[in-house]
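Chemist: this is a predicted model, with the sequence first.
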Amino acid sequence: MALLNLFKRGGDPNRSEMSFIEHLDVLRGTLFRSVIAALVGAIVVGIFNRFFIHDVLLGPTHAEFPTYGILCRIGEALHVGKSLCMEGLSIKMQSTGVSTQFSMFFTVCFIGGVIIAFPYIFFEFWRFVRPALTEKERSNTGGVIFWVSVLFFIGVAFGYFVIAPYTIKFFASFQLDDNIENRWTVASYIDTMIPLVLGSGLAFQMPLVIYFLAKVGVVNATYLRKVRKYSIIIIFIIAAIITPGPDIVSQLTVALPLLLLYEVSILLARRVDKHKKPKEWS
């Protein structure tokens, strides 16, 4: 019965009248349902582990990974030669621990489960915080679950198909000496991939984060335009870190979408400004 109540609690419009303990109980239900959703996603990844591990997770280590051919053709169309091409990958990995592959299997399943269940997990936390908003704020945030999910998956796809291949290609081909062979451990590879993919998914939330900051009065479009030049520098620094290669083309490939997101953020902030009274910025 207690287990059933955990699924029923949450999203109550009268939560403002609850005690602190009751709020904790609602949060406990939110966390419980989110973990269950992630575990269901993890089970799906576990069942289809051959596809998710060999084809998805290890995809950027394969020479036939679609990004390599597509970027090469784009480079030729733009007349930048072979600067976008990433051919001839030869990556070998190893497992040095007795239980490393076993533990990595569960890590991959859980992270994959979180990505798959992200829309529902966000829905749960949104349902938890929504009663604290005013009626006007609720009406102004319609569709937030859809847009957060869309931007997250676009960011994950960008990190996986663009950032990860550049990173993997660079480190696979970089050698201090010809006598030193690059042979990674599977754990180090996974530890590299997870931040790249999840980090990109979170980075693509920038327009919505700016939108909500503008709603609460922390930033406005004027301020964002004022610091645009500093933001551009920061974005290019991030792009240089994400794409270790020395060529400017690869850095632009990463920087341009982030610059576009920043400009979208300014447009959203300006839209918020138009609905605010002039005295709110005085």
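Modeler: Cool, the structure landed. Residues are numbered from 1 along each chain as shown.

Chemist: and the helices in the stretch 51-200 of the chain?
Modeler: 66-77, 100-116, 118-129, 135-140, 144-158, 164-173, 186-203 (DSSP state H, counting those that start in this stretch).

Chemist: and the third one, what does it pack against?
Modeler: The elements that helix 118-129 packs onto, with contact taken as 3 or more CB pairs under 8 Å, 6 or more residues apart in numbering; DSSP states H and E, are helix 20-47, helix 144-158. C-beta here means a position set from N, CA and C on the backbone, and glycine is covered the same way.

Chemist: residues in contact with that helix?
Modeler: Helix 118-129 has contacts (CB atoms under 8 Å, 6 or more residues apart in numbering) with 10-11, 26-27, 30, 33-34, 37-38, 114, 144-145, 148-149, 152-153, 201.

Chemist: at 10 Å what do you get?
Modeler: Helix 118-129 is contacted by residues 9-12, 15, 23, 26-27, 29-38, 40-41, 113-115, 117, 133, 141, 144-146, 148-150, 152-153, 156, 198, 201 when judged by CB atoms under 10 Å, 6 or more residues apart in numbering.

Chemist: buried ones in that helix?
Modeler: 118, 119, 120, 121, 122, 123, 124, 126, 127, 128 (16 or more other CB atoms under 10 Å).

Chemist: please apply the same query to the last one.
Modeler: Along helix 186-203, these residues count as buried under the neighbour rule (16+ other CB under 10 Å): 186-187, 189-190, 193-194, 196-201, 203.

Chemist: helices or strands up against it?
Modeler: When contacts are defined as 3 or more CB pairs under 10 Å, 6 or more residues apart in numbering; DSSP states H and E, helix 186-203 sits against strand 92-94, helix 100-116, helix 144-158, helix 164-173, strand 183-185, helix 228-242, helix 248-274.

Chemist: next SSE downstream of that helix?
Modeler: Sequence order places helix 206-215 as the next helix or strand after helix 186-203, per DSSP states H and E.

Chemist: now that following helix - C-alpha only, PDB.
Modeler: The C-alpha coordinates for helix 206-215 follow below in PDB (Å, rounded to 0.1, in the frame of the first residue of the first chain):
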ATOM      1  CA  MET A 206      20.800  27.000 -22.500                       C
ATOM      2  CA  PRO A 207      17.800  28.700 -24.200                       C
ATOM      3  CA  LEU A 208      15.400  27.400 -21.700                       C
ATOM      4  CA  VAL A 209      17.700  28.200 -18.800                       C
ATOM      5  CA  ILE A 210      18.100  31.800 -20.100                       C
ATOM      6  CA  TYR A 211      14.300  32.000 -20.600                       C
ATOM      7  CA  PHE A 212      13.500  31.100 -17.000                       C
ATOM      8  CA  LEU A 213      16.300  33.400 -15.700                       C
ATOM      9  CA  ALA A 214      14.700  36.200 -17.700                       C
ATOM     10  CA  LYS A 215      11.300  35.300 -16.300                       C
END
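
Chemist: could the helices and strands packed on helix 118-129 be laid out in a markdown table, adding mean pLDDT, distance to residue 231 and mean neighbour count?
Modeler: Formatted as a markdown table, the helices and strands packed on helix 118-129 follow (pLDDT from 0 to 100; distance: least, CB to CB, whole Å; neighbours: other CB atoms under 10 Å):
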| stretch | mean pLDDT | distance to residue 231 | mean neighbour count |
| --- | --- | --- | --- |
| helix 20-47 | 89 | 33 | 16 |
| helix 144-158 | 91 | 18 | 17 |
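
Chemist: residue 99 is nearest to which of those?
Modeler: helix 20-47 (16.8 Å; CB to CB).

Chemist: neighbours of the residue lying closest to residue 266 once chain neighbours are set aside, just the number please.
Modeler: Excluding its sequence neighbours, the residue lying closest to residue 266 (CB to CB, 6 or more residues apart in numbering) is residue 224, at 4.8 Å. Other residues near residue 224 number 21, with proximity taken as other CB atoms under 10 Å.
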